[in-house]
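Enquirer: I'd like to go over a predicted model; first the sequence, then the structure.
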Amino acid sequence: MAAQLIDGKAIANEIRTELTEQVAEFIENNAVVPCLAAVLVGEDPASEVYVRNKQRACERVGIEGRLHRLPADATDDDLLDIVAQLNQDNTVHGILVQLPLPKQLSETRILDAIHPLKDVDAFHPENVGLLSQGRPRYLPCTPHGVMQLLHRSGIEATGKHAVIVGRSDIVGKPMAMLLAARDSNCGPQAANATVTLCHSRSQDMASLTRQADILVAAVGIANFIQADMVKPGAAVIDVGINRTDEGLVGDVAFDPVSAVAGHITPVPGGVGPLTVTMLLHNTLTAAGLQLHSA
């Protein structure tokens, strides 16, 4: 029996409809338009697409989107100057520095310079620390999107074994914290999982992934998860986006795995739309926090 497809586009549209109403209410009550400022360095084609999609998404829900461009040979100081200006601009509520940055730039130095209240990607050490203590200011966009996909698909995490493949700061580590937490913004049933975090040094990874009721693949290797690595009936969430000669594919070998899994996300059209949507959610939250801290 084929796995049930988790339609990320449909769930993202559902949340954006809710956000559009919330943004309109916020503007009416406060006479302030939430604003997300994106900074793009160079002309990487994939980054151009991502930034354009984020700007369109902002427009659809009533959030103002601004774009600041720097040439590919920009220095740390060039980028830090823009971040400093945006930190001081009270009309800007969220700052997004599009990754990856050109190799000459210090990603950590740049991201650490964003004011924690405007760090809508939730990459700043202060926001990561709050998340680790179970009192997040903002949830990282992709892991939060995964939580929403599971919750709105009726897949509970409580008491389940969740296995995450990949330990990046952007997806793997925060995903583990969210699923292992005592509670979530989707309720305790979306958290309280037993979590295993796999990585390149994990031995006999297939024996670990086969234990997963919820399997999250975020390793960045095309078709890495094969059918013999999946527990029958598991919910398989594919975070990977890999460009191949055949087009975009995920970290999960979709056809064979969908014959084993109970639920599965496609690539594209799975986690991706939720990442952008949760960025908008964080921008609205940031506008509210800055309004009340002014």
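Expert: Structure's in. What do you need?
Enquirer: residues in contact with the helix or strand where residue 236 lies?
Expert: If you go by DSSP states H and E, residue 236 is part of strand 235-238. Applying CB atoms under 8 Å, 6 or more residues apart in numbering, the contact partners of strand 235-238 are 3, 6, 146, 149-150, 153, 155, 213-217, 225, 230, 250-252, 254, 257, 261-267, 270-271. From N, CA and C alone the C-beta is placed, and that goes for glycine too.
Enquirer: among those residues, which are located in strands?
Expert: 214-217, 263-264 (DSSP state E).
Enquirer: which member of the residues you listed is positioned nearest residue 204?
Expert: residue 215 (15.5 Å; CB to CB).
Enquirer: isn't that closest one right up against residue 166?
Expert: No - counting by CB atoms under 8 Å, residue 215 stays clear of residue 166, with 11.3 Å between them.
Enquirer: out of those two, which sits in the busier spot?
Expert: Legend: neighbour count by other CB atoms under 10 Å for residue 215 and residue 166, higher for residue 215 (29 against 23).
Enquirer: what bridges to that one?
Expert: residue 163, residue 236 (DSSP bridges).
Enquirer: distance of it from residue 22?
Expert: Distance of residue 215 to residue 22, given as CB to CB, to the nearest Å: 32 Å.
Enquirer: cool, residue 99 as well?
Expert: According to CB to CB, residue 99 stands 27 Å off from residue 22.
Enquirer: of those two, who's got more company?
Expert: Under the criterion of other CB under 10 Å, the comparison of residue 99 against residue 22 puts residue 22 first, with 18 against 15.
Enquirer: mind listing what's buried along the helix or strand hosting that one?
Expert: Taking DSSP H and E as the definition, one finds residue 22 inside helix 8-30. For helix 8-30, the buried set under the neighbour-count rule, 16 or more other CB atoms under 10 Å, comprises 8, 11-12, 15-16, 19, 22-23, 26.
Enquirer: and that helix, what does it pack onto?
Expert: When contacts are defined as 3 or more CB pairs under 8 Å, 6 or more residues apart in numbering; DSSP states H and E, helix 8-30 sits against helix 45-61, helix 141-152, helix 272-293.
Enquirer: buried sites along the longest one?
Expert: Spelled out, that is helix 272-293. The neighbour-count check on helix 272-293 (16+ other CB under 10 Å) flags 272-287, 289-290 as buried.
Enquirer: pLDDT on stretch 90-101, on average?
Expert: Stretch 90-101 shows a mean pLDDT of 96.
Enquirer: and the end-to-end length of stretch 58-68?
Expert: Distance between the two ends of stretch 58-68: 15 Å, counting by CA to CA, to the nearest Å.
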